[in-house]
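Peer 1: structure for this input, please:
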Amino acid sequence: MVSPVITGYYRYTDIFFEWHQALPEADRSPLRASLAQDAFIHPDHPLHKEGVDGAELFLGTLQNFETRLLFSSAQVEYLRYWLHAMGLTENLISLPYSDCLLTESSLRHVSPVTFKTKDDLKGALKQIEKNNKRLKGADPMLKTRREIFERVRTLWVEKVGVWCALDFEAWDRDHTMLTEFGWSFVRWIDGQQVEEQGHLIVKEYRHYTNTFVLNNREHFSFGDSELVNRATFRTRIQNLVADLQKYGPLFLIFHDNNQDIKYLKSPTVNADLPNLNFLLPDAKPDSGVFVLDTSDLFAALEGEGGHNRRSLERVCRHLQVPTSFLHNAGNDAHYTLLAIKEMASGDPLDMQREKRWPNRTGNTAHPTAPQTGAGVKVKFDPWEEDSNYSDTEGVGPVINKTEEQVAA
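Peer 2: Presented below is the predicted three-dimensional model:
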């Protein structure tokens, strides 16, 4: 009986530091040379993947939510065969101990990651170690958000289904009166992105003006608004949601989804969404409707484990997505899609956070202090949080000049 082939991943540290020690003396040097970081990132390295700009490894999340840099078992297999085929080892070197192999059941999530330089690789290893220490005892909500973030990244790379951001605006004195609806979606045809956005204004409520929320319904920035009656408003939304499900899984994207989903299910819209999923599948789905929330994804990125949710304007500012005329349903939907694209198309979570906001997590007030359990919450400066913050406010101490100094 033929034994099944077990595939999985090996920790980078096991392969780099330990594998060669289990080999005969003659085989150690060739293996160590092939794994040297300078050699590994070179485009002529045997593990270099065609079309990938840099050296590819994998970032995996263990069941305890710690992160590890990984080699795939396929990479390890290929490297041992290549060393033998090139005559660098007399015999085919043995695989690492089977106990070192991490199978699918050992990991919550795995995604590819590339490194262009030796310094990038070394820096990532140090950062992973720091983050694992800082996440000791982290809030379970943060751990869940982090896992969702990585699943979203994986699904986005797969270019699967339709990703559609939706937004409603209602009269702020009666939320049963829906005044606007906006959408912005992307799907892929032969690997190429196809995008569409739109904005509907309810004719019967066109002249209802808000008291507490900005009135920007006439300022759709990404096309022409359509003025429709209530019946057409309802039908158009129902048809949009139904039609988009024909292209595979539908990912409905909201910014703080609670109210917008209520609007979708309300008698005013009554969209047919009997099986709305708030949990993402482990594998690429072929169908289904899944809810994504940019406020949760950004909370994962900035390391927020509580119930504080950033506004769409604040999220876009931190992601450097320019906005204008917010509280227009069409604009808000488009900016929500841009926000999720910005996060989903970026690096793995911790690497992305460090690139956006370097050295802004942990015990920043005392960098030399122990970082275990210090968390990964980004410390933003006041001017990053408030667009109205004065450029000179708080810069340096206030100096009281004497009359003589003023006269001089």
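Peer 1: which parts of stretch 241-253 are buried?
Peer 2: By neighbour count with 16 or more other C-beta atoms under 10 Å, stretch 241-253 contains the buried residues 241, 244, 245, 247, 248, 249, 250, 251, 252, 253. (Glycine included, C-beta is placed from N, CA and C.)
Peer 1: tell me who's in contact with the nearest residue to the fifth one once chain neighbours are set aside.
Peer 2: I take that to be residue 248. In space, and not counting its chain neighbours, residue 248 is closest to residue 161: 4.0 Å by C-beta to C-beta, 6 or more residues apart in numbering. Contacts for residue 161 (C-beta atoms under 8 Å, 6 or more residues apart in numbering) come out as 187, 247, 248, 249, 250, 251, 285.
Peer 1: ok, now residue 360?
Peer 2: Counting by C-beta under 8 Å, 6+ apart, residue 360 touches 378, 379, 380.
Peer 1: closest to residue 114 out of those residues?
Peer 2: Closest to residue 114 out of the contacts of residue 360 is residue 378 (23.8 Å), distances taken as C-beta to C-beta.
Peer 1: show me the helices in the stretch 101-250 of the chain, by range?
Peer 2: Using DSSP state H, counting those that start in this stretch, the helices of the stretch 101-250 of the chain run over residues 118-134, 140-157, 230-244.
Peer 1: to clarify, my last question referred to the stretch 251-400 of the chain.
Peer 2: Counting by DSSP H, counting those that start in this stretch, the helices of the stretch 251-400 of the chain are 258-265, 294-302, 312-318, 329-344, 349-356, 382-385.
Peer 1: which of those sits closest to residue 196?
Peer 2: Nearest of the helices of the stretch 251-400 of the chain to residue 196, taken as C-beta to C-beta: helix 329-344 at 10.5 Å.
Peer 1: and that closest one, what does it pack onto?
Peer 2: helix 140-157, strand 162-171, strand 174-189, strand 192-202, strand 250-254, helix 294-302, helix 312-318 (3 or more C-beta pairs under 8 Å, 6 or more residues apart in numbering; DSSP states H and E).
Peer 1: tell me the angle the second one makes with helix 230-244.
Peer 2: If I follow you right, that is strand 162-171. 160 degrees (axes from the mean of the first three to the mean of the last three C-alpha atoms, to 10 degrees).
Peer 1: do the third one as well
Peer 2: Between the direction of strand 174-189 and that of helix 230-244, the angle (the same axes, to 10 degrees) works out to 30 degrees.
Peer 1: what does the shortest one give?
Peer 2: Using the same axes, to 10 degrees, one finds that strand 250-254 and helix 230-244 are set 130 degrees apart in direction.
Peer 1: hmm, who's touching strand 250-254?
Peer 2: Residues contacting strand 250-254 (C-beta under 8 Å, 6+ apart): 155, 161-167, 241, 244, 260-261, 276, 288-294, 336-337, 340.
Peer 1: can you pull the alpha-carbon coordinates of that strand into CSV?
Peer 2: This file holds the C-alpha atoms of strand 250-254, laid out as CSV (Å, rounded to 0.1, in the frame of the first residue of the first chain):
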residue,chain,number,x,y,z
LEU,A,250,-20.8,38.1,-3.9
PHE,A,251,-18.9,40.1,-1.3
LEU,A,252,-21.0,42.9,0.0
ILE,A,253,-18.9,45.6,1.5
PHE,A,254,-20.1,48.2,4.0
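Peer 1: tell me the gap between that strand and the middle of its chain.
Peer 2: Computed by C-alpha atoms, centre = their mean, to the nearest Å, the chain-centroid distance of strand 250-254 equals 15 Å.
Peer 1: next one: the second one
Peer 2: Distance of strand 162-171 from its chain centroid, counting by C-alpha atoms, centre = their mean, is 20 Å.
Peer 1: could you do the first one as well?
Peer 2: How far helix 140-157 lies from its chain's middle: 7 Å, per C-alpha atoms, centre = their mean.
Peer 1: so which elements touch that helix?
Peer 2: Judged by 3+ C-beta pairs under 8 Å, 6+ apart, helix 140-157 is in contact with strand 55-62, strand 107-115, helix 294-302, helix 329-344, helix 349-356.
Peer 1: out of those, which is closest to residue 272?
Peer 2: Among those, the nearest to residue 272 by C-beta to C-beta is helix 329-344 (19.9 Å).
Peer 1: quickly list what residue 167 is bridged to.
Peer 2: residue 182 (DSSP bridges).
Peer 1: that one against residue 259, yeah?
Peer 2: No: using C-beta atoms under 8 Å, residue 167 is not in contact with residue 259, being 9.9 Å away.
Peer 1: quick one on the thing from earlier: can you redo the helices of the stretch 101-250 of the chain as a markdown table with distance to residue 272?
Peer 2: Shown next, in a markdown table, are those (distance: least, C-beta to C-beta, whole Å):
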| stretch | distance to residue 272 |
| --- | --- |
| helix 118-134 | 42 |
| helix 140-157 | 23 |
| helix 230-244 | 6 |
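Peer 1: just name the most buried of the ones you listed.
Peer 2: With neighbours taken as mean count of other C-beta atoms under 10 Å, the helices of the stretch 101-250 of the chain reach their highest mean count in helix 140-157, at a mean of 19.
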